[in-house]
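> turn this into a model:
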Amino acid sequence: MKNVFPFLLLLFVALISACSAPEKSFENGIWRGMMVTDSAVNIPFNFEVYDSAGTKQVAFINGKERLNINQVITSGDSVIIRTPMYETEIKAVLTEEGMRGEWVRVLPEREQRMPFTASPNTSWRFAASAGQPIASVEGRWSVVFRKGGSVDSTLAIGEFRQAGAQVSGTFLTNFGDYRFLSGEMDGNAFSMSSYAGASPILFEGTLQGETIRGRMYSGPANQSTWEAHKDDNAALEDAYQISRLKPGAKLAFEFVDTEGNKVSLADERFQNKVVVIQFLGSWCPNCMDETAFLSPFYKKYRGKGLEIIGLAYERYAEPEKAKKAVKNLMDRFDVTYPVLLTGYSNRPGQVLESLPALESFSAFPTTIILNKQGEVYSIHSGFDGPATGDAYDRYIASFEATINALISQ
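Numbers count the residues shown, from 1 in each chain. Below you'll find the model as predicted:
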């Protein structure tokens, strides 16, 4: 019989080496993520992995914005990054190159999925080395979006900033904004993208003279074309004239909060107070921006004669699912004013059915301000979030001045 000792020794060494091989690590630092649409378009974004209180956390990075995520689960070579407020998650395995997996978004009747990869120690977004811009998109632009081959269009304003090859900014619409976008310019072509837990989004454009033509990609399958013209005076419809109360009508409602308690606008706590009514949904990114502003604002003004009521229109008809989504939002932003379970956003006309005093309603979020007599002082559609810069500052200043004036009356 041949001596099997050398073979057994080699096998033993191989097993020891395999057992002692270092595990792949979810490294701290800046990563470059990539999601792929159904039409094979790559949407890049960046995120940071870091330790906090002995656990892994992730921050999605878009320009000046950092969205911190603390629901990060690691087990062996598996990583799950959950964003509960949008009911999305990244499910991946660690590889020699970084990570590979998929992005999943849970909707009431289906799931959306996109392939996902990521590379560690990679802070660039579109190109490893800076491009060579031959033009600038800095400034204000009048924009028209068209979906597919449709003649239907949406008006918007592009507000872009450029420093060398780096481009940032957002698009403002009558219903809100596209939040923080970050990207680069090479020659006369530029790209900007964003991922902050909801759907990944990518804008591509080519500048010729004072006209930009491009495409937008959002989520797995949404696509639009867009065209922009330089216009320092570009303006949208007056946000205070889009949604209206019926002539002579008085706003009234009663819905339950997340604890099952009935809350009515006629309750004693709202009498002789200035009341802000926030129409929102936990699925709505602009509603997140408004909630991030209103939550500390309420703490500042509650003792001065202000009350806020949130009216949540969720995607789920099942009360428990809707309640869970609203609680996630309230926990995220430390909301201490009541948020009521009001309706379901996927039912046409739900807002008008639930509040018959309204003649029209067009956007989430929408904000109604009542004076101390319970009369509607103003109705504002949409919300210009922090990404809009000056527009955000102007709205916040105007909002606070209005509240102060009404409280003092």
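> can you pull the contacts of F361?
F361 sits next to 243, 279, 351-352, 355 when contact means Cβ atoms under 8 Å, 6 or more residues apart in numbering. No exception for glycine: its C-beta is placed from N, CA and C like everyone else's.
> could you flag which of the residues you listed are buried?
Listed as buried from the contacts of F361 are 243, 279, 351, 355; burial here means 16 or more other Cβ atoms under 10 Å.
> those residues in helices, which ones?
V351 (DSSP state H).
> and of the buried ones among the contacts of F361, the nearest to K327?
F279 (18.3 Å; Cβ to Cβ).
> mind exporting the longest helix along the chain as PDB, just the C-alpha atoms?
What stands out as the longest helix in the chain, according to DSSP H, is helix 390-408. Extracted C-alpha coordinates of helix 390-408, given in PDB (Å, rounded to 0.1, in the frame of the first residue of the first chain):
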ATOM      1  CA  ASP A 390     -32.800  80.000  -1.800                       C
ATOM      2  CA  ALA A 391     -36.300  78.800  -2.500                       C
ATOM      3  CA  TYR A 392     -36.200  76.700   0.700                       C
ATOM      4  CA  ASP A 393     -34.900  79.700   2.800                       C
ATOM      5  CA  ARG A 394     -37.600  82.000   1.400                       C
ATOM      6  CA  TYR A 395     -40.400  79.600   2.100                       C
ATOM      7  CA  ILE A 396     -39.200  78.900   5.700                       C
ATOM      8  CA  ALA A 397     -38.800  82.600   6.400                       C
ATOM      9  CA  SER A 398     -42.300  83.300   5.000                       C
ATOM     10  CA  PHE A 399     -43.800  80.400   6.900                       C
ATOM     11  CA  GLU A 400     -42.400  81.500  10.200                       C
ATOM     12  CA  ALA A 401     -43.400  85.100   9.700                       C
ATOM     13  CA  THR A 402     -46.900  84.000   8.900                       C
ATOM     14  CA  ILE A 403     -47.200  81.800  12.000                       C
ATOM     15  CA  ASN A 404     -45.800  84.600  14.200                       C
ATOM     16  CA  ALA A 405     -48.300  87.100  12.700                       C
ATOM     17  CA  LEU A 406     -51.300  84.800  13.200                       C
ATOM     18  CA  ILE A 407     -50.300  83.900  16.800                       C
ATOM     19  CA  SER A 408     -50.000  87.600  17.700                       C
END
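> buried stuff in it?
Buried positions in helix 390-408, judged by neighbour count with 16+ other Cβ under 10 Å: 391-392, 395, 399, 402-403, 406.
> picking up where we left off before, out of the contacts of F361, who's nearest S199?
Closest to S199, out of all of the contacts of F361 and judged by Cβ to Cβ, is F279, at 21.1 Å.
> in the sheet, who's paired with the closest residue to that closest one other than its chain neighbours?
Sequence neighbours aside, T366 is the residue nearest to F279 in space, at 4.3 Å (criterion: Cβ to Cβ, 6 or more residues apart in numbering). Beta-bridge partners of T366, counted by DSSP bridges, are F279, S381.
> then R140?
In this entry, R140 is beta-bridged to E159, by DSSP bridges.
> hang on, it packs against D231?
Yes. Between R140 and D231 a contact is recorded at 6.3 Å, counting by Cβ atoms under 8 Å.
> who has more neighbours, these two?
The neighbour comparison of R140 against D231 (other Cβ atoms under 10 Å) goes to R140, with 18 against 15.
> can you tell me how far the more buried one sits from N272?
Between R140 and N272 the distance is 43 Å, computed by Cβ to Cβ, to the nearest Å.
> what strand or helix carries E89?
strand 88-94 (DSSP states H and E).
> for stretch 60-67, measure first residue to last.
In stretch 60-67, first residue to last residue: 5 Å (Cα to Cα, to the nearest Å).
> give the rounded mean pLDDT of stretch 260-267.
The average pLDDT for stretch 260-267 rounds to 96.
> try stretch 181-193
Mean pLDDT, computed over stretch 181-193, is 96.
> start to end distance for that stretch?
Using Cα to Cα, one end of stretch 181-193 lies 5 Å from the other.
> now do stretch 308-324
21 Å.
> distance check, Q223 against F45.
18 Å.
> should've said K273
As defined by Cβ to Cβ, K273 lies at a distance of 42 Å from F45.
> what residues are up against R32?
R32 neighbours (Cβ under 8 Å, 6+ apart): 44-46, 118-119, 122-125.
> that one bridge partners, please.
Counting by DSSP bridges, R32 forms beta bridges with N46, S119.
> what pLDDT does the model give it?
pLDDT at R32 comes out at 98.
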